[in-house]
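J.: below are the sequence and a predicted model; questions follow.
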Amino acid sequence: MRNRSLWPYLLIAPTVAGGAFLLLYPMLKAALISLQHFRMGELIRGGAEFAGLGNYAELLAGAEFWQVVLRTLAWTAINVVLIVALSTGVALMLVRLRRGMRLALMSALALAWATPVIAATTVFQWLFQSELGVVNWALASLGFESFRGYTWFADGAATFAVLVVLVVWQSVPFGALTLYAGLTTIPGELYESARIDGGTGWQVFWRVTLPMLRQLFALIVALEVIWVAKCFPQIWVLSQGGPDGATTTLPVYAFKIARVLHRYDLGSAVALLTVVLLAVALVANLRRMVRS
């Protein structure tokens with residue numbers, strides 16, 4: 001009986017061990033490098049010297065790091081709010097659509113979700129291209145002549161907006177399909193009772209839908225915060241953090257420091273601080289989700 005109770009754990013042990021190694025080893029290695037004097041010379045010949053918390057002190061004392069942190073917080077907040085709001089709207093629409101239209105919309109969402117990140121980013125580069133892009137052509141055709149030949153990627157705010165549109169477009173399918181699955185589990189009697197009591201659409205959502213799906217909303221918010229905050233390929237392919245650092249978030253900043261300056265110690269410190277910031281941001285949300 002005792003051997004039988006251990007058997008399930010033995011079966012999953014290789015997967016757990018492999019996952020722990022793939023997750024913990026890079027983090028521990030980055031933590032070690034962040035505490036060393038580790039640059040190109042140390043990468044080639046080895047023998048990195050211990051630097052203590054000097055790399056962290058250098059980062060925290062610099063104004064550029066805090067600018068990147070604020071930009072990352074703004075980037076994450078804007079994207080997550082838009083993703084959750086649009087996902088909720090799409091999920092509520094899916095519930096009300098007829099079967100054929102619902103299947104078509106769900107298929108479109110699944111295709112958007114399945115599109116490779118680099119491929120989608122390349123398509124957006126073409127869409128917002130200054131001379132041949134579809135967006136400029138459409139806006140100019142609608143009478144917005146100022147957008148004829150407009151260079152989106154030469155302006156920091158415009159580039160930031162394009163990246164927000166791209167990330168939201170890639171993220172909404174996951175949130176919408178997840179919330180739709182949750183909506184199908186809510187008993188119809190609750191909605192009928194709320195309408196009989198004279199509840200408006202907003203009141204029904206606030207008093208019935210949201211409380212029933214509170215944990216699901218908390219989970220989606222947590223996952224989207226992680227997804228958006230660590231977003232790197234889209235930003236790097238589209239703008240490489242430019243122009244003038246307007247789209248440089250913490251992951252991009254860490255990569256630029258390590259790649260351009262060969263400050264692998266400082267880049268590792270940025271990466272570890274990013275993990276700490278994400279953990280602090282998510283702990284309260286996850287604790288609330290578990291308690292409820």
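T.: Yep, it's here. Numbering: from 1, shown residues only.
J.: gap between the residue nearest the centre of the chain and Gln234?
T.: Most central in the chain under C-alpha atoms, centre = their mean is Val228, positioned 1.8 Å from the mean C-alpha point. In this structure, Val228 and Gln234 are 10 Å apart, going by C-beta to C-beta, to the nearest Å. C-betas here are computed from N, CA, C, even on glycine.
J.: overlap in contacts, these two.
T.: Residues touching both Val228 and Gln234 (C-beta atoms under 8 Å, 6 or more residues apart in numbering): Val167.
J.: tell me where the stretch 151-292 of the chain has helices.
T.: Under the criterion DSSP state H, counting those that start in this stretch, helices of the stretch 151-292 of the chain are mapped to 156-183, 188-196, 201-204, 210-212, 214-229, 233-238, 250-260, 264-291.
J.: export those helices to CSV and tack on mean pLDDT and distance to Pro14?
T.: Converted to CSV, those look like this (pLDDT from 0 to 100; distance: least, C-beta to C-beta, whole Å):
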stretch, mean pLDDT, distance to Pro14
helix 156-183, 94, 29
helix 188-196, 80, 45
helix 201-204, 80, 48
helix 210-212, 86, 38
helix 214-229, 90, 26
helix 233-238, 93, 30
helix 250-260, 91, 31
helix 264-291, 82, 26
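J.: the closest residue in space to Ala30 that isn't next to it in sequence: what's it in contact with?
T.: Nearest residue to Ala30 in three dimensions, chain neighbours excluded: Ser268, at 4.4 Å (C-beta to C-beta, 6 or more residues apart in numbering). Counting by C-beta under 8 Å, 6+ apart, Ser268 touches Ala30, Ala31, Ile33, Ser34, Phe38, Asn55, Ala254, Ala258.
J.: export stretch 50-62 to PDB, keeping only CA atoms.
T.: Listed next in PDB are the C-alpha coordinates belonging to stretch 50-62 (Å, rounded to 0.1, in the frame of the first residue of the first chain):
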ATOM      1  CA  PHE A  50      32.800  39.000  -6.200                       C
ATOM      2  CA  ALA A  51      31.400  42.500  -6.200                       C
ATOM      3  CA  GLY A  52      28.700  42.200  -3.600                       C
ATOM      4  CA  LEU A  53      25.700  44.500  -4.000                       C
ATOM      5  CA  GLY A  54      27.800  47.000  -6.100                       C
ATOM      6  CA  ASN A  55      25.900  46.400  -9.300                       C
ATOM      7  CA  TYR A  56      22.500  46.900  -7.500                       C
ATOM      8  CA  ALA A  57      23.800  50.100  -5.900                       C
ATOM      9  CA  GLU A  58      25.000  51.400  -9.300                       C
ATOM     10  CA  LEU A  59      21.500  50.700 -10.800                       C
ATOM     11  CA  LEU A  60      19.500  52.200  -8.000                       C
ATOM     12  CA  ALA A  61      21.600  55.300  -7.900                       C
ATOM     13  CA  GLY A  62      21.100  56.000 -11.700                       C
END
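J.: how far out from the middle of the chain is that stretch?
T.: On the basis of C-alpha atoms, centre = their mean, to the nearest Å, the separation between the geometric centre of stretch 50-62 and that of its chain is 27 Å.
J.: now stretch 210-226
T.: Centroid separation for stretch 210-226 versus its chain: 14 Å, with C-alpha atoms, centre = their mean.
J.: outside of that stretch, which residues touch it?
T.: 76, 79-80, 83-84, 87, 171, 174-175, 178-179, 182-183, 185-186, 190, 278, 281-282, 285-286, 288-289, 292.
J.: can you tell me which of the contacts of Ser268 end up in strands?
T.: Judged by DSSP state E, the contacts of Ser268 include no members of strands.
J.: buried members of those residues into ChimeraX, please.
T.: Applying 16 or more other C-beta atoms under 10 Å to the contacts of Ser268, the buried members can be selected in ChimeraX as follows:
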select :30,33,34,38,55,254,258
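J.: nearest to Gly100, of the contacts of Ser268?
T.: For Gly100, the closest of the contacts of Ser268 turns out to be Ala254, at 47.1 Å, with distances computed as C-beta to C-beta.
J.: find the nearest non-adjacent residue to that closest one, please.
T.: Val270 (3.8 Å).
J.: that neighbour: neighbour count?
T.: A count of neighbours around Val270, defined by other C-beta atoms under 10 Å, yields 26.
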